[in-house]
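# What follows is a protein structure lacking sequence information:
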Ligand SMILES: CC(=O)[C@@H](O)[C@H](O)COP(=O)(O)O
Ligand SMILES: NCC(=O)COP(=O)(O)O
(Lines give C-alpha, C1' and ligand atoms only; values in the text may rest on other atoms or scores of the structure.)
(Ligands and ions follow the chains in the order given, each with its own letter.)
Protein backbone atom coordinates (compact mmCIF):
# COMPACT_ATOMS: atom_id res chain seq x y z
CA UNK A 1 0.00 0.00 0.00
CA UNK A 2 1.18 3.55 -0.67
CA UNK A 3 2.21 6.11 1.91
CA UNK A 4 0.40 9.43 2.45
CA UNK A 5 1.88 12.81 1.64
CA UNK A 6 -0.27 15.59 3.08
CA UNK A 7 -0.45 18.75 0.98
CA UNK A 8 -0.88 21.77 3.28
CA UNK A 9 -1.34 24.43 0.55
CA UNK A 10 -4.93 25.22 1.40
CA UNK A 11 -4.19 25.94 5.04
CA UNK A 12 -2.10 28.72 3.54
CA UNK A 13 -4.99 29.65 1.22
CA UNK A 14 -7.11 30.41 4.31
CA UNK A 15 -4.29 32.49 5.82
CA UNK A 16 -3.77 34.43 2.58
CA UNK A 17 -7.49 35.28 2.45
CA UNK A 18 -6.66 37.78 5.22
CA UNK A 19 -2.88 38.14 4.63
CA UNK A 20 -2.47 37.37 8.33
CA UNK A 21 -0.49 34.79 10.32
CA UNK A 22 -3.17 32.15 10.94
CA UNK A 23 -3.61 29.34 10.22
CA UNK A 24 0.10 28.59 9.82
CA UNK A 25 0.79 25.78 7.32
CA UNK A 26 3.96 24.97 9.24
CA UNK A 27 1.88 24.17 12.35
CA UNK A 28 -0.50 22.15 10.15
CA UNK A 29 2.45 20.12 8.88
CA UNK A 30 3.52 19.28 12.45
CA UNK A 31 -0.02 18.13 13.28
CA UNK A 32 -0.24 16.12 10.05
CA UNK A 33 2.98 14.32 10.92
CA UNK A 34 1.77 13.65 14.47
CA UNK A 35 -1.38 12.13 12.94
CA UNK A 36 0.68 9.76 10.78
CA UNK A 37 1.46 11.58 7.52
CA UNK A 38 4.47 10.03 5.80
CA UNK A 39 5.41 13.22 4.00
CA UNK A 40 4.50 16.88 3.60
CA UNK A 41 3.83 18.48 0.22
CA UNK A 42 3.76 22.21 -0.48
CA UNK A 43 3.35 23.97 -3.82
CA UNK A 44 5.17 27.31 -4.04
CA UNK A 45 3.25 28.89 -6.89
CA UNK A 46 4.82 31.65 -8.93
CA UNK A 47 1.92 33.95 -7.97
CA UNK A 48 2.31 33.03 -4.26
CA UNK A 49 -1.44 32.60 -3.87
CA UNK A 50 -1.03 30.24 -0.93
CA UNK A 51 2.39 28.91 0.16
CA UNK A 52 5.06 31.61 0.67
CA UNK A 53 8.85 31.23 0.54
CA UNK A 54 8.93 31.70 4.32
CA UNK A 55 6.73 28.60 4.71
CA UNK A 56 9.03 26.43 2.62
CA UNK A 57 12.11 27.61 4.54
CA UNK A 58 10.45 26.82 7.89
CA UNK A 59 9.06 23.51 6.62
CA UNK A 60 12.60 22.53 5.61
CA UNK A 61 13.67 23.03 9.24
CA UNK A 62 10.64 21.43 10.89
CA UNK A 63 9.39 18.56 8.72
CA UNK A 64 10.57 15.28 10.21
CA UNK A 65 9.24 12.96 7.47
CA UNK A 66 10.05 14.25 3.99
CA UNK A 67 9.34 17.53 2.26
CA UNK A 68 8.10 17.43 -1.33
CA UNK A 69 8.28 20.86 -2.97
CA UNK A 70 5.94 21.26 -5.94
CA UNK A 71 7.03 23.99 -8.31
CA UNK A 72 7.12 25.17 -11.92
CA UNK A 73 10.29 24.47 -13.94
CA UNK A 74 11.39 28.12 -13.91
CA UNK A 75 14.82 29.58 -13.12
CA UNK A 76 13.41 31.36 -10.06
CA UNK A 77 11.99 28.14 -8.60
CA UNK A 78 15.08 26.10 -9.41
CA UNK A 79 17.20 28.66 -7.51
CA UNK A 80 14.87 28.46 -4.50
CA UNK A 81 14.92 24.65 -4.53
CA UNK A 82 18.73 24.54 -4.78
CA UNK A 83 18.92 26.89 -1.80
CA UNK A 84 16.27 25.22 0.41
CA UNK A 85 17.00 21.61 -0.62
CA UNK A 86 13.66 19.80 -0.13
CA UNK A 87 13.80 16.01 0.03
CA UNK A 88 12.43 15.96 -3.48
CA UNK A 89 10.93 18.32 -6.01
CA UNK A 90 7.83 17.68 -8.10
CA UNK A 91 7.77 19.70 -11.30
CA UNK A 92 4.23 20.80 -12.15
CA UNK A 93 2.68 22.91 -14.93
CA UNK A 94 1.35 26.31 -13.88
CA UNK A 95 -0.97 28.87 -15.40
CA UNK A 96 -1.53 32.01 -13.38
CA UNK A 97 -5.24 32.23 -14.18
CA UNK A 98 -6.11 28.60 -13.35
CA UNK A 99 -8.14 27.70 -10.26
CA UNK A 100 -5.98 24.64 -9.74
CA UNK A 101 -3.41 22.60 -11.69
CA UNK A 102 -4.99 21.63 -15.02
CA UNK A 103 -3.49 18.57 -16.69
CA UNK A 104 0.00 17.22 -16.39
CA UNK A 105 3.35 18.67 -17.34
CA UNK A 106 4.15 18.33 -21.06
CA UNK A 107 7.53 16.61 -21.00
CA UNK A 108 7.39 15.65 -24.70
CA UNK A 109 6.91 19.26 -25.80
CA UNK A 110 9.75 20.69 -23.69
CA UNK A 111 12.07 17.75 -23.25
CA UNK A 112 15.29 19.80 -23.43
CA UNK A 113 14.16 22.32 -20.81
CA UNK A 114 12.79 19.68 -18.42
CA UNK A 115 15.91 17.57 -18.97
CA UNK A 116 18.12 20.52 -17.95
CA UNK A 117 16.05 21.23 -14.82
CA UNK A 118 15.99 17.56 -13.79
CA UNK A 119 19.74 17.36 -14.27
CA UNK A 120 20.44 20.54 -12.31
CA UNK A 121 18.32 19.46 -9.34
CA UNK A 122 19.41 15.82 -9.29
CA UNK A 123 23.09 16.79 -9.62
CA UNK A 124 22.55 18.78 -6.42
CA UNK A 125 21.16 15.68 -4.70
CA UNK A 126 17.46 16.58 -5.03
CA UNK A 127 15.46 13.74 -6.65
CA UNK A 128 12.86 14.95 -9.15
CA UNK A 129 9.31 13.77 -9.70
CA UNK A 130 7.31 14.81 -12.79
CA UNK A 131 3.58 15.50 -12.43
CA UNK A 132 2.16 14.10 -15.67
CA UNK A 133 -0.94 12.58 -17.19
CA UNK A 134 -0.46 8.81 -17.55
CA UNK A 135 0.09 9.10 -21.34
CA UNK A 136 2.56 6.52 -22.72
CA UNK A 137 4.55 9.20 -24.61
CA UNK A 138 4.88 11.40 -21.50
CA UNK A 139 6.08 8.40 -19.49
CA UNK A 140 8.69 7.55 -22.16
CA UNK A 141 9.88 11.16 -22.17
CA UNK A 142 10.10 11.11 -18.36
CA UNK A 143 12.38 8.08 -18.61
CA UNK A 144 14.53 9.93 -21.18
CA UNK A 145 15.07 12.93 -18.89
CA UNK A 146 16.04 10.49 -16.10
CA UNK A 147 13.56 11.64 -13.48
CA UNK A 148 13.44 9.38 -10.44
CA UNK A 149 9.67 9.58 -9.86
CA UNK A 150 6.42 10.31 -11.60
CA UNK A 151 3.32 11.71 -9.97
CA UNK A 152 0.36 10.58 -12.03
CA UNK A 153 -2.31 13.28 -12.26
CA UNK A 154 -5.52 11.79 -10.84
CA UNK A 155 -7.69 14.84 -11.62
CA UNK A 156 -9.60 13.27 -14.53
CA UNK A 157 -10.29 10.12 -12.47
CA UNK A 158 -11.47 12.27 -9.56
CA UNK A 159 -13.76 14.36 -11.74
CA UNK A 160 -15.27 11.45 -13.72
CA UNK A 161 -19.02 11.99 -13.95
CA UNK A 162 -20.14 8.35 -13.99
CA UNK A 163 -18.93 4.88 -13.08
CA UNK A 164 -17.96 3.95 -16.67
CA UNK A 165 -15.67 6.94 -17.15
CA UNK A 166 -14.25 6.49 -13.63
CA UNK A 167 -13.36 2.89 -14.50
CA UNK A 168 -11.78 4.05 -17.78
CA UNK A 169 -9.70 6.66 -15.98
CA UNK A 170 -8.64 4.12 -13.38
CA UNK A 171 -7.55 1.69 -16.12
CA UNK A 172 -5.57 4.54 -17.75
CA UNK A 173 -3.81 5.25 -14.43
CA UNK A 174 -3.20 1.56 -13.86
CA UNK A 175 -1.58 1.08 -17.31
CA UNK A 176 0.55 4.18 -16.83
CA UNK A 177 1.66 2.99 -13.40
CA UNK A 178 2.68 -0.38 -14.84
CA UNK A 179 4.52 1.17 -17.82
CA UNK A 180 6.44 3.54 -15.55
CA UNK A 181 7.43 0.88 -13.03
CA UNK A 182 8.57 -1.45 -15.83
CA UNK A 183 10.72 1.40 -17.14
CA UNK A 184 12.38 1.82 -13.74
CA UNK A 185 10.48 4.86 -12.47
CA UNK A 186 8.95 5.15 -9.01
CA UNK A 187 5.30 6.17 -9.07
CA UNK A 188 3.26 8.53 -6.91
CA UNK A 189 -0.17 9.97 -7.69
CA UNK A 190 -2.41 12.81 -6.63
CA UNK A 191 -4.81 15.65 -7.33
CA UNK A 192 -8.48 15.73 -6.48
CA UNK A 193 -8.38 12.53 -4.43
CA UNK A 194 -11.00 12.43 -1.69
CA UNK A 195 -12.16 10.18 1.16
CA UNK A 196 -14.66 8.73 -1.33
CA UNK A 197 -12.47 8.00 -4.36
CA UNK A 198 -9.01 7.25 -2.96
CA UNK A 199 -9.44 3.52 -2.35
CA UNK A 200 -9.01 2.30 -5.95
CA UNK A 201 -5.97 4.48 -6.61
CA UNK A 202 -4.38 3.38 -3.33
CA UNK A 203 -4.74 -0.21 -4.52
CA UNK A 204 -2.91 0.20 -7.83
CA UNK A 205 0.04 -2.23 -7.75
CA UNK A 206 3.35 -0.49 -7.12
CA UNK A 207 1.89 2.90 -6.18
CA UNK A 208 4.34 4.47 -3.67
CA UNK A 209 2.80 7.68 -2.35
CA UNK A 210 -0.46 9.57 -2.68
CA UNK A 211 -0.34 13.34 -2.26
CA UNK A 212 -3.62 14.58 -0.88
CA UNK A 213 -4.50 18.08 0.29
CA UNK A 214 -7.78 19.78 -0.50
CA UNK A 215 -10.08 17.09 0.88
CA UNK A 216 -8.08 16.80 4.12
CA UNK A 217 -8.06 20.57 4.70
CA UNK A 218 -11.79 20.72 3.89
CA UNK A 219 -12.59 17.96 6.34
CA UNK A 220 -10.37 19.41 9.06
CA UNK A 221 -12.30 22.70 8.83
CA UNK A 222 -15.57 20.85 9.41
CA UNK A 223 -14.55 18.29 12.01
CA UNK A 224 -12.75 21.06 13.92
CA UNK A 225 -15.68 23.51 13.83
CA UNK A 226 -17.50 22.28 16.94
CA UNK A 227 -14.41 22.41 19.15
CA UNK A 228 -13.39 25.80 17.78
CA UNK A 229 -16.81 27.29 18.53
CA UNK A 230 -16.95 25.76 22.02
CA UNK A 231 -13.56 27.32 22.80
CA UNK A 232 -14.72 30.74 21.59
CA UNK A 233 -17.97 30.47 23.56
CA UNK A 234 -15.87 30.06 26.72
CA UNK A 235 -14.12 33.39 26.04
CA UNK A 236 -17.16 35.33 24.88
CA UNK A 237 -19.82 34.09 27.29
CA UNK A 238 -18.07 34.28 30.64
C1 LIG B 1 0.06 20.19 -8.36
C2 LIG B 1 -1.04 19.92 -7.45
O3 LIG B 1 -1.85 19.09 -7.74
C4 LIG B 1 -1.10 20.63 -6.14
O5 LIG B 1 -0.30 21.69 -6.15
C6 LIG B 1 -2.46 20.92 -5.59
O7 LIG B 1 -3.40 20.94 -6.58
C8 LIG B 1 -2.59 22.16 -4.76
O9 LIG B 1 -2.34 23.34 -5.42
P10 LIG B 1 -3.41 24.21 -6.25
O11 LIG B 1 -4.77 24.00 -5.66
O12 LIG B 1 -2.90 25.61 -6.12
O13 LIG B 1 -3.35 23.71 -7.66
N1 LIG C 1 -0.06 16.90 -6.31
C2 LIG C 1 -1.35 16.75 -5.74
C3 LIG C 1 -1.38 17.33 -4.37
O4 LIG C 1 -0.36 17.64 -3.80
C5 LIG C 1 -2.66 17.48 -3.69
O6 LIG C 1 -3.73 17.78 -4.55
P7 LIG C 1 -5.18 18.03 -3.90
O8 LIG C 1 -5.49 16.87 -3.02
O9 LIG C 1 -5.09 19.30 -3.10
O10 LIG C 1 -6.09 18.13 -5.09
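Yep, it's here. What you see is a predicted model; the values in this text were computed from it and never measured. Ligands and ions are numbered 1, 2, ... in the order given.
# got a list of contacts for the lengthiest helix in the chain?
Longest helix in the chain, counting residues (DSSP state H): helix 163-182. For helix 163-182, the external contacting residues (CB atoms under 8 Å, 6 or more residues apart in numbering) are 133-136, 139, 142-143, 150, 152, 154, 156-157, 160, 187, 189, 197, 200-201, 204-207. Placement of C-beta: from N, CA and C, glycine included.
# how about a cut-off of 7 Å?
The set of residues that contact helix 163-182 without belonging to it, under CB atoms under 7 Å, 6 or more residues apart in numbering, is 134, 136, 139, 150, 152, 154, 156-157, 160, 187, 189, 200-201, 204, 206-207.
# Filter these down to just the ones in helices.
Short answer: the contacts of helix 163-182 in helices (DSSP H) are 136, 139, 156-157, 200-201.
# residues contacting residue 207?
Contacts of residue 207 were listed using CB under 7 Å, 6+ apart, and they are 2, 177, 187, 189, 201.
# hang on, the earlier thing: anything in the longest helix of the chain near ligand 2?
No - residues of helix 163-182 contacting ligand 2 under CB under 6 Å from any ligand atom: none, with a closest distance of 13.6 Å.
# Burial check on residue 138, number of neighbours?
By the measure other CB atoms under 10 Å, the count of residues near residue 138 is 22.
# follow-up on the earlier one: out of the contacts of residue 207, who has the most neighbours?
The residue in the contacts of residue 207 with the most neighbours, by other CB under 10 Å, is residue 189 (27 neighbours).
# ok, now how distant is the residue lying closest to that one once chain neighbours are set aside from residue 27?
For residue 189, the nearest residue in space outside its immediate sequence neighbours is residue 152; the separation is 4.3 Å by CB to CB, 6 or more residues apart in numbering. Residue 152 is 30 Å from residue 27, where distance means CB to CB, to the nearest Å.
# Mind checking which of those two has more residues around it?
A count of neighbours by other CB under 10 Å puts residue 152 above the other of residue 152 and residue 27, at 29 against 14.
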